[in-house]
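# Structure for this input, please:
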Amino acid sequence: MRYYYREHIQGYQRVKAEGKTAWHQIHNGRPFDEFASRAFLETALPRLSFAVSNPSALEIGCGTGVAACFLAERGFRVDGIDIIPTAIEIARQVAAERGLDIHYEVQDICELTPEGKVYDLVVDSYCLQGIVLDEDRAKVFSNVRARLKPEGYYLVSTAIFDEGRLTAQTVRDEASGIVYHRYGENGIINTDTAVVYIELPEGRDEYEDAVTIQGTWYLPSRRHLKPPALKVELERERFRVLYQDGGDVICVHAAAGLRAIQP
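Numbering: from 1, shown residues only. Next comes the predicted model:
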């Protein structure tokens with residue numbers, strides 16, 4: 001099993017077991033509509049220009065559809081994909097209850113075929129941070145480019161490096177010589193790559209991407225880049241950044257003509 005399944009399987013099982021409808025409800029208890037990227041979307045969408053009145057939108061890593069519902073309620077024709085069947089089950093239920101016509105599929109963005117429907121807008125609401133390894137992130141960006149219309153927009157919200165979570169405690173891996181810093185409550189980070197690892201209490205188990213560091217098994221968990229490094233990565237992956245505020249970014253294809261966003 002790939003590293004990015006573990007947390008999400010456990011998380012959405014908990015969402016369902018507790019009778020909730022969104023990931024953030026099990027962490028901060030906020031209502032369904034008060035999701036983390038809402039403020040960014042409220043800022044970004046009025047600044048975009050579309051050729052049609054009801055643009056098409058794809059949300060990748062949609063979870064239970066909080067952002068998908070937000071978009072559909074504002075006139076977008078929305079599709080959503082997520083790797084966890086439980087999340088998609090809840091998303092379909094919520095959309096039906098709200099009378100929203102949203103098409104959801106269980107699909108891994110890393111394995112999405114490049115051929116298929118293309119969109120005016122692709123939205124990533126805190127999916128990218130959990131796609132950690134370089135080869136997987138390259139697949140995400142390639143698939144987004146393939147599914148984004150030449151004049152389309154790619155909106156990204158992702159967690160970034162938090163200096164306040166970094167501690168002075170270190171873990172040195174004698175085999176590789178890499179020094180990891182303790183990061184947050186239960187993570188370690190390679191500050192050169194910005195990859196955050198979490199300890200696997202059950203050992204390697206079935207996770208193919210697990211690594212051993214000083215005799216302890218860890219799983220890649222997050223990529224917490226600093227904002228300038230995130231911009232560099234997006235530009236390297238053939239996007240042009242029109243706007244950035246920390247981990248909130250508005251992009252277009254690098255090959256797109258002169259583009260601007262509304263002030």
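
# export stretch 38-50 as PDB, just CAs?
Extracted in PDB, the C-alpha atoms of stretch 38-50 (Å, rounded to 0.1, in the frame of the first residue of the first chain):
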ATOM      1  CA  ARG A  38     -12.600  28.500   1.900                       C
ATOM      2  CA  ALA A  39     -11.100  31.900   2.500                       C
ATOM      3  CA  PHE A  40      -8.600  31.400  -0.300                       C
ATOM      4  CA  LEU A  41     -11.400  30.300  -2.700                       C
ATOM      5  CA  GLU A  42     -13.500  33.300  -1.700                       C
ATOM      6  CA  THR A  43     -10.500  35.500  -2.500                       C
ATOM      7  CA  ALA A  44      -9.400  33.700  -5.700                       C
ATOM      8  CA  LEU A  45     -12.600  32.900  -7.600                       C
ATOM      9  CA  PRO A  46     -13.700  36.600  -8.200                       C
ATOM     10  CA  ARG A  47     -10.300  37.300  -9.600                       C
ATOM     11  CA  LEU A  48     -10.500  34.600 -12.400                       C
ATOM     12  CA  SER A  49     -11.900  35.100 -15.900                       C
ATOM     13  CA  PHE A  50     -13.800  32.300 -17.600                       C
END
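
# show me what contacts residue 211?
197, 217, 218, 219, 220 (C-beta atoms under 8 Å, 6 or more residues apart in numbering). Bear in mind the C-beta positions are built from the backbone N, C-alpha and C, glycine included.

# Which member of these is positioned nearest residue 115?
Nearest to residue 115 among the contacts of residue 211 is residue 220, at 29.0 Å by C-beta to C-beta.

# quick one: the closest one is in a strand?
Yes: counting by DSSP: H, G, I helix; E, B strand; the rest coil, residue 220 falls inside a strand.

# and the residue lying closest to it once chain neighbours are set aside, how many neighbours?
Closest residue in space to residue 220, ignoring its immediate chain neighbours: residue 132 at 4.1 Å, by C-beta to C-beta, 6 or more residues apart in numbering. When counting by other C-beta atoms under 10 Å, one arrives at 22 neighbours for residue 132.
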